[in-house]
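> The amino acid sequence is not available; the structure is as follows:
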């Protein structure tokens, strides 16, 4: 059988075995997006709400993206794309990556596959592609749910702005998935992979959300991938190309580091 | 050292942190033989096997399998090797058929006739989900994968764990069949009778060191045998006392009983000079040899 069949098996196998988690994330994303947009008609053009939010501390408004909440872009930012959607993409990326790599190895289930005529590197590369596949699929799901509910609940926003924002959120997920693969490539410890991946995702959010509140720290918010992804307010203004690259390139480099490390160490047995 | 070795391991050392699991192992498995790798749990059998398969990276030493370096030539090598892990973990949600198909896609090709035949001989239902199978049935799935592979070298780590005696018997038949076809089998086990029945040569591993290496017959030669001799008259106790390797001697009237460790010839030479009525020598089994070797090193 051909190299192609082997490569397909290496990617499709782990992709397929994550379908339960994939279905769970799909349902969660769809419910979140639809239920959030469903309340749009109640907030649409509400000056009272804007006034109410203005009484909140400026930092809190910034942190939760509540500025201009009565506009379509402001509503989607505050309700979905400032925190919850990117956080879900980051969590999904880390969890898919962990379950395809460190968790499988820790459970002893990689042993039989690594004893087949495949390189370790190709196994981890294929599993990274399976994770990427799920993140792409989830991005399409979110985009479809967003566009459908925009139409259903009369929320008017440029298609290009929504698309770009969702791509940036998914790339943020890829970045943390890449980080998880780097850790999993070096250490077969699912606990470590999850805590580093999810921990740094949360730290990234806090840095981007809270550092701007301090005059001293505000310029440091740029160290956070969240700022690279969403700092330009992509629902309002077109994101600069470097923002995509700033997420995609490190994601790729981290995954490659993991793949190289995986080729150099002992495989854990059950 | 011959050029045709299936597995050649030289001075293999493996450390896990500060713990040394293998203390410089040397062994050579010839092509076409069934090589038994015996030792209690924790002796280092699995560590050795995982080094041979490049799942573990040796701390020191050299490994050559089918003339190839497991690390550098891993892919072409593993195409010619099939492996049944000792700690067997299979993808739980798949059925046996799905796993067999997946492995076949990775190895390239599958002989459905052979698959059906093996499933029948191992009494295995491949249609069931792997998580619903008993550990014995999961092991059958792994054995089926190995015997289906047409590999030149089978590396089987505790392959009969959890199998019932009938299937164990069938397994030994399969090993003999592939041996006839020229396949080399590296069979790790702590089940002595299995190795005794299947293997041409045996290495005994203890605490990361090979403590015995030889043919099954040679190992038997090192085993202790119970000897009972009845004389027509009093046993020649003094003369028998000088026979090397004769221990726990007991004289009871005309009967002489002892345990013989070592070759039997010196004893026979003494007995030939006397009026022996009857003699009983229990056949040693490898278990005795095994325990003997352990006894002598511990």
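Received the coordinates, thanks. Note that the structure is predicted; figures quoted are calculated from it, not measured.
> Where do the helices of the stretch 151-298 of chain B begin and end?
Secondary structure of the stretch 151-298 of chain B (DSSP state H, counting those that start in this stretch): helices at B:165-180, B:192-198, B:216-221, B:237-241, B:265-272, B:286-297.
> for the fourth one, the distance to its chain's centre please.
The gap between the average C-alpha position of helix B:237-241 and the chain average comes to 38 Å, counting by CA atoms, centre = their mean, to the nearest Å.
> and if you look at stretch A:97-111?
21 Å.
> Now the terminal residues of it, how far apart.
Length of stretch A:97-111, first residue to last, CA to CA, to the nearest Å: 18 Å.
> Quick one: mean pLDDT over that stretch.
Stretch A:97-111 shows an average pLDDT of 95 in the prediction.
> Pull the number of nearby residues for residue A:149.
Burial of residue A:149 is recorded as 19 neighbouring residues (other CB atoms under 10 Å in any protein chain shown). To be clear about C-beta, it is placed using only N, CA and C from the backbone, and glycine gets the same treatment.
> what about it, distance to chain B?
33 Å (CB to the nearest CB, to the nearest Å).
> what secondary structure does that residue sit in?
helix (DSSP: H, G, I helix; E, B strand; the rest coil).
> which residues are in contact with stretch B:174-186?
Here stretch B:174-186 makes contact (CB atoms under 8 Å, 6 or more residues apart in numbering or on different chains) with B:6-7, B:29-35, B:37, B:49, B:52, B:118, B:121, B:143, B:147, B:151-156, B:187, B:198.
> Looking at the helices of the stretch 151-298 of chain B, which one is packed in the most?
Highest mean neighbour count of the helices of the stretch 151-298 of chain B: helix B:192-198, a mean of 20 (counted as mean count of other CB atoms under 10 Å in any protein chain shown).
> on that earlier part again, may I see the helices of the stretch 151-298 of chain B arranged in TSV, with mean pLDDT and distance to residue B:205 as well?
Output for these, formatted as TSV (pLDDT from 0 to 100; distance: least, CB to CB, whole Å):
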stretch	mean pLDDT	distance to residue B:205
helix B:165-180	94	20
helix B:192-198	80	12
helix B:216-221	75	13
helix B:237-241	90	36
helix B:265-272	92	30
helix B:286-297	61	10
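> pull the helix or strand with minimum mean pLDDT from chain B.
Counting by mean pLDDT, DSSP states H and E, chain B has its least confident helix or strand at helix B:286-297, which shows a mean of 61.
> Which parts of the stretch 1-150 of chain A are helices?
Counting by DSSP H, counting those that start in this stretch, the stretch 1-150 of chain A has helices at residues A:3-17, A:19-38, A:40-43, A:47-54, A:58-63, A:72-76, A:84-100, A:102-106, A:111-114, A:120-152.
> Please see if the second one touches chain B.
Same thing as helix A:19-38. No. For helix A:19-38, no contact with chain B is found by CB under 8 Å from any CB of the partner chain; the gap never falls below 8.5 Å.
> List the buried residues for that helix?
Applying a neighbour-count criterion of 16 or more other CB atoms under 10 Å in any protein chain shown, one finds A:22, A:25, A:26, A:29, A:30, A:32, A:33, A:36, A:37 buried in helix A:19-38.
> OK, contacts around the second one?
The neighbours of residue A:25, taking CB under 8 Å, 6+ apart as the test, are A:88, A:92, A:134, A:138.
> if we go to 10 Å?
Counting by CB atoms under 10 Å, 6 or more residues apart in numbering or on different chains, residue A:25 makes contact with A:18, A:88-89, A:91-92, A:95-96, A:134-135, A:137-138, A:141-142.
> Run through those and flag the ones next to chain B.
Among the contacts of residue A:25, no residue is within reach of chain B (CB under 10 Å from any CB of the partner chain).
> Out of the helices of the stretch 1-150 of chain A, the one nearest residue B:208 is which?
Residue B:208 sits nearest to helix A:111-114 of all the helices of the stretch 1-150 of chain A, at 21.0 Å, using CB to CB.
> and the most centrally placed residue in chain B, bridged to which residues?
In chain B, the centroid-proximal residue (CA atoms, centre = their mean) is residue B:36; its distance is 2.4 Å. Counting by DSSP bridges, residue B:36 forms beta bridges with residue B:187, residue B:202.
> Give me every residue in the stretch 1-150 of chain A lying close to chain B.
Close to chain B, as judged by CB under 10 Å from any CB, the stretch 1-150 of chain A has residues A:1-3, A:5-10, A:12-14, A:16-17, A:19-20, A:104, A:107-120, A:122-123.
> Now, of the residues you listed, which are buried?
Buried subset of the residues of the stretch 1-150 of chain A next to chain B (neighbour count, 16+ other CB under 10 Å): A:6-7, A:9-10, A:12-14, A:17, A:104, A:107-118, A:120, A:122-123.
> show me the contacts for the residue at the greatest distance from the centre of chain B.
Residue farthest from the centre of chain B, counting by CA atoms, centre = their mean, is residue B:233 at 45.2 Å. Contacts for residue B:233 were tallied using CB under 10 Å, 6+ apart; they are B:254, B:274, B:275, B:277.
> looking at those residues, which has the most residues close by?
Most surrounded of those: other CB under 10 Å gives residue B:274, at 16 neighbours.
> Quick check: that residue vs residue B:239, distance?
Residue B:274 sits 8 Å away from residue B:239, going by CB to CB, to the nearest Å.
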